[in-house]
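Novice: take a look and give me a structure for this.
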Amino acid sequence: MVKFLPLKEAVAENLHDGGTVAFEGFTHLIPTAAAHEAIRQGFRDLTLIRMTPDLIYDQMIGMGMAKKVVFSYVGNPGVGLLRRARDAIENGFPRSIEVEEHSHAGMANAYEAGAAGLPCAVFRGYRGAGLAAVNPNIKSVTCPFTGEVLAAVPAIRPDVTFIHAQKADRKGNVLVEGIIGIQKEAVLAAKRAVVTVEEVVDNFDDLHPNLTVLPSWTIAAISIVPGGSHPSYTHGYYERDNAAYLEWDEIAADRDRFQAWMQKNVIESGADDFAGRVERLRKAA
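Specialist: Next up is the predicted model:
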C-alpha cells in the first residue's frame, strides 16, 4: 500500500547504496528535490539511469555518488556540456564512472520491456550507427517470421524510480499532465517507485480519468514537495527556470565553485526550500 511520507523518509526507505535507480522526467517534471535528498543522504556506488541526464545527474556524479550511468543523451539542455560528468569520465574526478550509452529509442524500448516483465527489447534501430561498437549490451536478433535483423537491448529494471508529478489523490493515485516522457514505464519497470507531487487533493472527480497515469498500486511512497522539479517546470504550476540552466554551466565548470554551490544549495538546504525557488516562475506561468 502506498505511503505518504516526508521526502527524507521516502528516500531513506527506498534507495540504498549500490542500487540501480532512475530519476526520470523529460525536460518536464524532473524530480530535482528527490535527487537533492539522495545527495544529502550520501548514497554511494549507484547505477544512475536516465534518458537525458542533465543537472541532477551532473550534481550526483560530481558528488561521487555514481559508479555507472546508463543514458541516451548527456548535456545541459539548450546550453551545452555536463561539466561534472565530463570531468568524471575524462579525468576520473571525483571518481571514475562506467558509461553505457543508448539512443532515445533504445532506452524507451528498454523501459517498456522492463514494464512488461520481458528480458529484453527488440526494435528497429542502430542501423548505420556506431553505438554497438562501444556498448556490448546492444545486440542483434533475427526475426523468426520475416528474417529481418533487429536490434535488441536488455530490459531496464531499476531497484527504484523517482518521478515528479502534479497531483496525487488521498488514495495514492497520481495524475500527470503535459509532457509525460517515459515516467510511466520507468515506474512500472521498477521494483519500487517514489513520487513527489505539487499537491494532494481529495479526488480527481472533476478531471478526465485518463490523466490518472499511475494508480496507487504502482507506487511505494508519495511526498508532497511544491516546486520539486525546479529548475525544470511543472505544467500548470510554474515555468522552466532557463536562467538556472545557464548559470549551472558556469558553476559546474569549476570544481571548487561546484562544491561551494552544492554545500549551500543542497547539503544545507531542504525540500521545503523548493516552493520559494519557483514563486516568481509561478507568477509567470
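
Novice: all contacts plus neighbour counts: C-alpha atoms, from now on.
Specialist: OK.

Novice: would you map the strands across the stretch 101-250 of the chain?
Specialist: Using DSSP state E, counting those that start in this stretch, the strands of the stretch 101-250 of the chain run over 120-123, 139-142, 149-154, 160-169, 174-175, 192-201, 212-214, 221-224.

Novice: the fourth one: how far from the chain's middle?
Specialist: The chain centroid and the centroid of strand 160-169 are separated by 11 Å, computed with Cα atoms, centre = their mean, to the nearest Å.

Novice: run through who's touching that strand.
Specialist: For strand 160-169, the external contacting residues (Cα atoms under 8 Å, 6 or more residues apart in numbering) are 14-15, 20-25, 29-31, 34, 174-177, 183, 186-187, 190-204, 222, 228-229, 234-235.

Novice: for the strands of the stretch 101-250 of the chain, which has the smallest mean pLDDT value?
Specialist: Here those differ in mean pLDDT, and the lowest is strand 212-214 at a mean of 79.

Novice: what ranges does the chain have for its helices?
Specialist: Using DSSP state H, the helices of the chain run over 7-14, 32-41, 55-62, 83-91, 104-115, 131-134, 183-189, 242-252, 255-262, 274-277, 279-284.

Novice: just put the strands of the stretch 101-250 of the chain in CSV and tack on distance to E247 and mean neighbour count.
Specialist: What follows is the strands of the stretch 101-250 of the chain, written out as CSV (distance: least, Cα to Cα, whole Å; neighbours: other Cα atoms under 10 Å):
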stretch, distance to E247, mean neighbour count
strand 120-123, 38, 19
strand 139-142, 40, 14
strand 149-154, 36, 19
strand 160-169, 23, 26
strand 174-175, 31, 24
strand 192-201, 25, 22
strand 212-214, 34, 18
strand 221-224, 27, 25
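
Novice: out of those strands, the one nearest L55 is which?
Specialist: strand 160-169 (15.0 Å; Cα to Cα).

Novice: given the closest one, what are its sheet partners and their directions?
Specialist: With DSSP bridges as the test, strand 160-169 is paired with strand 20-23 (parallel), strand 174-175 (antiparallel), strand 192-201 (parallel).

Novice: got the ones you listed as CSV, with distance to A133 columns?
Specialist: Below are the strands paired with strand 160-169 laid out as CSV (distance: least, Cα to Cα, whole Å):
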stretch, distance to A133
strand 20-23, 24
strand 174-175, 40
strand 192-201, 33
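
Novice: nearest to V141, of those?
Specialist: In terms of Cα to Cα, the element of the strands paired with strand 160-169 nearest to V141 is strand 20-23, at 26.6 Å.

Novice: pretty sure S232 is touching I30, no?
Specialist: Yes - with contact defined as Cα atoms under 8 Å, S232 reaches I30; the gap is 6.0 Å.

Novice: S216 contacts V174, correct?
Specialist: Yes - using Cα under 8 Å, S216 is in contact with V174, at 7.0 Å.

Novice: since we're on C143, how many residues are nearby?
Specialist: 11 (other Cα atoms under 10 Å).
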